[in-house]
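Enquirer: any chance you can model this:
(one chain, ligands or ions: 1)
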Amino acid sequence: MLKLRLLNAVAPAYFFMATAATFVLHFCYFIPTIFPSPDTSLRGSTALHTVVFLFLMFNALGNYIMTIKYPAESANETVIPVCSPHCSDKVDAHYLLNGRHFCKLCKKVILKRDHHCFFTGNCIGNKNMRYFIMFCIYTSCTCLYSLVLGVAFLTVEYSISFENPLTFLTLLPLSTGYFFMGTVSGLQLFLVLMLYVWLGIGLVCAGFCCQQVLLVARGQTWCQMQRGELVENHNPWRNNLKDVFGTRWILGIILPVQTVEITHSFKDRSHISNVKLLYSA
Ligand SMILES: [Zn+2]
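Expert: Okay, here's the model as predicted:
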């Protein structure tokens, strides 16, 4: 349990630090170096790149907040279970009846649970799946966009050519070696490290997002897939997507706004009591 709780605290901290570093690198290094003279014809390019970056970042952070703001917990529980302290760390949730799960980290009963996201510190389920998918899409776009600008920065500032793909692969080992020899500064090494972080997060988020969209279209969740549970879902994929993304899905793609109706039972949690039940692994 300690490992999972630690991961639940470290992952959001890592996310916020990476976001802050991305902001600083963009506005203090990339934009002023790649577009050095805002008075000339580059003014339009500077404004365009700033707007694109802020749009991607606004949607990534907006959907991150919405994922936390609209949790997937069940509002109709009269008993909230409590997990045994001896329960294995490999088990992050216990399956209850009727497609409900008890998450050990959220300490809540979750409806149509997909998985626990450590970066948001929340379970992803029926209410916040749409925000989570958009969060993954925009995080992936922000990282890959930052990677392109980072490569452009290195080309302009240090005349490094990336025509040969091996240049990127050998960049981190060579930079680390030069750092210990004293010819590369800590900031330069950090920038190179961030290129790899952006590439890694960008590709992982893109792949994860494709998998989530596929599961949603099939009317399944990650939890069901892990249990090998074949869901009898006769709904067309369009209806499954509409259930998650709502009727105003086009608006939801470009802005982090509410597009799924909230039922009254979701808001009303006054009747929930904290009766303890022990669950073992
Ligand atoms: Zn959870």
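
Enquirer: now do stretch 109-125: distance to the chain's middle.
Expert: From the chain centre to the centre of stretch 109-125 is a distance of 12 Å (C-alpha atoms, centre = their mean, to the nearest Å).

Enquirer: repeat that for stretch 45-60.
Expert: 18 Å.

Enquirer: next: stretch 158-172.
Expert: Taking C-alpha atoms, centre = their mean, one finds stretch 158-172 lying 28 Å from the centre of the chain it belongs to.

Enquirer: quick one: buried residues of that stretch?
Expert: With burial defined by 16 or more other C-beta atoms under 10 Å, the residues of stretch 158-172 counted as buried are 168, 171. Where C-beta positions appear, they are placed from N, C-alpha and C, glycine not excepted.

Enquirer: what parts of this structure come near the ion?
Expert: Residues of the chain lying close to the ion by C-beta under 5 Å from the ion are 103, 105, 106, 116, 123.

Enquirer: low pLDDT regions in the stretch 1-150 of the chain?
Expert: Of all residues in the stretch 1-150 of the chain, those with pLDDT under 70 make up the ranges 38-41.

Enquirer: name the helix or strand for the spatially most central residue of the chain, please.
Expert: Computing the C-alpha centroid of the chain and ranking residues by C-alpha atoms, centre = their mean puts residue 136 first, at 4.5 Å. Residue 136 is part of helix 129-158 when elements are defined by DSSP states H and E.

Enquirer: mind listing what's buried in that helix?
Expert: Within helix 129-158, the residues that qualify as buried by neighbour count (16+ other C-beta under 10 Å) are 129-147, 149-154.

Enquirer: ok so, going back, which residues does the nearest residue to the residue nearest to the centre of the chain once chain neighbours are set aside contact?
Expert: Closest residue in space to residue 136, ignoring its immediate chain neighbours: residue 209 at 3.9 Å, by C-beta to C-beta, 6 or more residues apart in numbering. The neighbours of residue 209, taking C-beta atoms under 8 Å, 6 or more residues apart in numbering as the test, are 133, 136, 137, 140.

Enquirer: and for residue 65?
Expert: Applying C-beta under 8 Å, 6+ apart, we find residue 65 in contact with residue 256.

Enquirer: now do the helix or strand hosting it and helix 129-158, the angle between them.
Expert: Element membership of residue 65 [criterion: DSSP H and E] is helix 43-69. Helix 43-69 runs at 150 degrees relative to helix 129-158, counting by axes from the mean of the first three to the mean of the last three C-alpha atoms, to 10 degrees.

Enquirer: go through helix 43-69 and flag the buried ones.
Expert: 46, 49, 53, 56-57, 59-64, 66-67.

Enquirer: stretch 180-192 now?
Expert: 184, 188, 189, 191, 192.

Enquirer: just want the angle from the longest helix seen in the chain to helix 129-158.
Expert: Ranked by number of residues, the top helix in the chain under DSSP state H is helix 186-217. Orientation check (the same axes, to 10 degrees): helix 186-217 against helix 129-158 gives 150 degrees.

Enquirer: list the contacts of residue 190.
Expert: Counting by C-beta under 8 Å, 6+ apart, residue 190 makes contact with residue 21.

Enquirer: hmm, back to that, what about the longest helix of the chain, distance to the chain center?
Expert: Distance, centroid of helix 186-217 to centroid of chain: 9 Å (C-alpha atoms, centre = their mean).

Enquirer: pull out the buried residues from that helix.
Expert: Neighbour counts over helix 186-217 (16+ other C-beta under 10 Å) mark 188-189, 191-192, 194-195, 197-199, 201-202, 205-206, 208-209, 212-213, 215-217 as buried.

Enquirer: looking at it now, give me its mean pLDDT.
Expert: Average pLDDT, helix 186-217: 93.

Enquirer: tell me which helix or strand comes right after it.
Expert: Past helix 186-217, the next helix or strand by DSSP H and E is helix 222-226.
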